[in-house]
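Engineer: only the shape, not the letters, is given here:
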Ligand code: G4P
């Protein structure tokens with residue numbers, strides 16, 4: 001096998017998703033700990049506490065103790081090279097999350113055993129389902145009072161319309177949590193007092209048929225209950241089917257406790273076996289095979305201000321095929337220019353490190369002097385591929401911002417345009433007017449806070465903002481002149497290309513507008 005193939009085959013790139021507080025950070029941290037990438041727990045995220053957080057880059061994040069931006073981490077485990085894409089848990093950031101998921105080949109969904117599916121889990125799952133990527137479920141916090149496991153699986157199946165395959169089965173929960181039954185190995189892995197620590201620990205095994213040892217370990221009552229439950233899941237649950245798993249139709253479910261290091265190894269080992277190596281990606285014409293020797297990548301995220309001291313802007317790209325070499329000149333398809341990617345870097349647990357090479361499946365961050373846009377393709381010179389674009393979500397929150405200092409007109413326009421180019425906001429203007437007043441559309445209100453703080457710190461511009469009542473946006477199709485339309489409580493705006501859009505405050509307003517303007521044809525945003 002060629003070295004290139006070997007390197008790519010051992011790569012696994014996944015996104016980790018959850019509702020805030022389910023234990024995503026703790027689990028990520030344990031992965032890094034087991035992979036030897038960090039030495040002690042508690043070093044990934046300090047939340048609002050004094051501990052320093054890897055993924056909390058921006059001031060707002062630090063203040064609020066939430067992770068707004070997605071970060072990328074790489075570590076090695078059992079010969080595999082694993083890339084974890086952290087997704088922002090905040091409800092405002094579904095668009096950013098969607099882009100992150102475009103760069104992943106599978107997802108790990110963390111669920112709090114006491115809560116089951118929560119609003120953010122639901123949103124994120126929907127986004128994963130749009131891509132049919134495999135979803136691995138980790139039901140966390142079994143050391144606490146939890147919901148009935150049958151109930152939890154039932155909820156996943158009914159709400160998400162997928163099958164579930166419990167890889168292990170919990171023996172009680174909370175103070176009575178005794179461990180899990182591993183269905184593949186057909187043995188009990190016991191959880192004891194020794195697990196209630198923060199360090200890496202081994203589990204004690206016991207065969208389900210070893211009645212004597214089991215009675216001693218979990219008591220006759222729980223043994224009996226376990227035997228019955230295992231019979232039930234063996235008989236009634238979905239069959240194990242790797243093809244279904246790989247197409248996102250069947251989710252392998254693991255029960256454990258991230259905080260107590262219980263079930264982490266089992267999860268990692270099974271996950272690495274079942275998850276696919278880097279998957280091909282589509283261009284407008286063809287499918288690009290990851291093992292193809294010609295390098296290609298696409299930008300899925302642009303992030304400014306990652307390092308205050310350097311005022312840098314980083315474009316994150318997912319390598320789709322071949323090998324990246326730091327000294328080679330590549331081609332930026334959308335910009336039509338050859339370029340060397342400067343300061344290519346990867347996140348290695350706590351530090352960013354400049355890298356010399358990377359392979360399909362890897363995520364690299366490169367310094368962006370303002371030339372990249374989300375969805376751009378970078379490839380070998382003379383090799384013209386163009387990956388399918390990354391769809392944008394329709395903004396649901398609108399505000400009108402007005403510059404307060406006419407001396408800073410240029411900075412205001414520059415800041416607005418650049419931040420819009422990153423895909424963090426959508427901007428519109430009133431027809432036939434300039435950039436003094438801008439209508440900003442975002443998916444969630446937190447982005448407006450980010451905008452304000454970035455305009456101030458990066459462009460030294462302040463503005464007045466006026467919240468707008470609109471929640472829906474539609475594009476006007478064809479050559480209808482908006483001036484001839486009968487519009488009540490509807491705002492007509494244009495994007496930078498001069499395309500006409502209407503902003504509405506409710507579905508009723510859309511219907512009403514359609515009734516009064518029989519020839520009007522509207523399209524969803526982004527279509
Ligand atoms: P998130 O990234 O999904 O938001 O969750 P995070 O890992 O920060 O975990 C949220 C809280 O749940 C943390 O407690 C964490 O310690 C706790 N937790 C995570 N996994 C488990 C588990 O398996 N069992 C139990 N009992 N708790 C778990 P916290 O008090 O909010 O923060 P901290 O002070 O412990 O860091």
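Structural biologist: Noted; the coordinates are in hand. All values derive from a computational prediction rather than experimental measurement.
Engineer: what are the ranges of the strands in the stretch 51-200 of the chain?
Structural biologist: Under the criterion DSSP state E, counting those that start in this stretch, the stretch 51-200 of the chain carries strands at the ranges 72-77, 80-86, 106-112, 135-140, 163-166, 168-171, 179-182, 187-190.
Engineer: repeat that for the stretch 301-450 of the chain.
Structural biologist: Taking DSSP E, counting those that start in this stretch to define them, one finds strands in the stretch 301-450 of the chain at 313-321, 323-325, 329-332, 337-340, 345-348, 351-354, 357-359, 363-367, 377-380, 397-403, 426-428, 437-442.
Engineer: highest mean neighbour count out of those?
Structural biologist: Ranked by mean neighbour count, those are led by strand 313-321 with a mean of 25 (mean count of other C-beta atoms under 10 Å). For the C-beta atoms, the positions are set from N, CA and C on the backbone; glycine is no exception.
Engineer: of all the residues in the chain, which ones are close to the ligand?
Structural biologist: When proximity is defined by C-beta under 6 Å from any ligand atom, the chain lies next to the ligand at 18, 20-26, 47, 89, 140-141, 143-144, 257-260.
Engineer: I'd like to know which of those residues are buried.
Structural biologist: Neighbour-count burial within the residues of the chain next to the ligand applies to 18, 21-26, 89, 140-141, 143, 257-260; the criterion is 16 or more other C-beta atoms under 10 Å.
Engineer: report the lowest-confidence entry in these.
Structural biologist: pLDDT across those is lowest for residue 89, at 57.
Engineer: for the residue of the stretch 51-200 of the chain found nearest the ligand, what are phi and psi?
Structural biologist: When distances are taken as C-beta to the nearest ligand atom, the stretch 51-200 of the chain approaches the ligand most closely through residue 141, which lies 4.0 Å from it. The phi/psi pair for residue 141 (degrees, to the nearest 10) reads phi 70, psi 40.
Engineer: quick one: residues contacting it.
Structural biologist: 22, 23, 112, 113, 114, 257, 258, 259 (C-beta atoms under 8 Å, 6 or more residues apart in numbering).
Engineer: residue 292 in helix, strand or coil?
Structural biologist: Using DSSP: H, G, I helix; E, B strand; the rest coil, the three-state assignment for residue 292 comes out as coil.
Engineer: OK, contacts around it?
Structural biologist: Per C-beta under 8 Å, 6+ apart, neighbours of residue 292: 321, 322.
Engineer: relative to residue 515, how far out is residue 509?
Structural biologist: Distance, residue 509 to residue 515, using C-beta to C-beta, to the nearest Å: 11 Å.
Engineer: neighbour count winner among those two?
Structural biologist: More neighbours surround residue 509 than the other of residue 509 and residue 515, with 20 against 10 (other C-beta atoms under 10 Å).
Engineer: for residue 124, find the nearest of the strands of the stretch 51-200 of the chain.
Structural biologist: For these, proximity to residue 124 was assessed by C-beta to C-beta; strand 106-112 is nearest, at 7.4 Å.
Engineer: wait, isn't residue 108 in contact with residue 136?
Structural biologist: Yes - in this structure, residue 108 is within contact of residue 136 by C-beta atoms under 8 Å, at 5.0 Å.
Engineer: quickly list what's touching both of those two.
Structural biologist: Overlap of the contact sets of residue 108 and residue 136 (by C-beta under 8 Å, 6+ apart) consists of 14, 271.
Engineer: so can I have CSV of the contacts of residue 141 showing distance to residue 522?
Structural biologist: Formatted as CSV, the contacts of residue 141 follow (distance: C-beta to C-beta, whole Å):
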residue, distance to residue 522
22, 39
23, 43
112, 41
113, 45
114, 44
257, 50
258, 47
259, 50
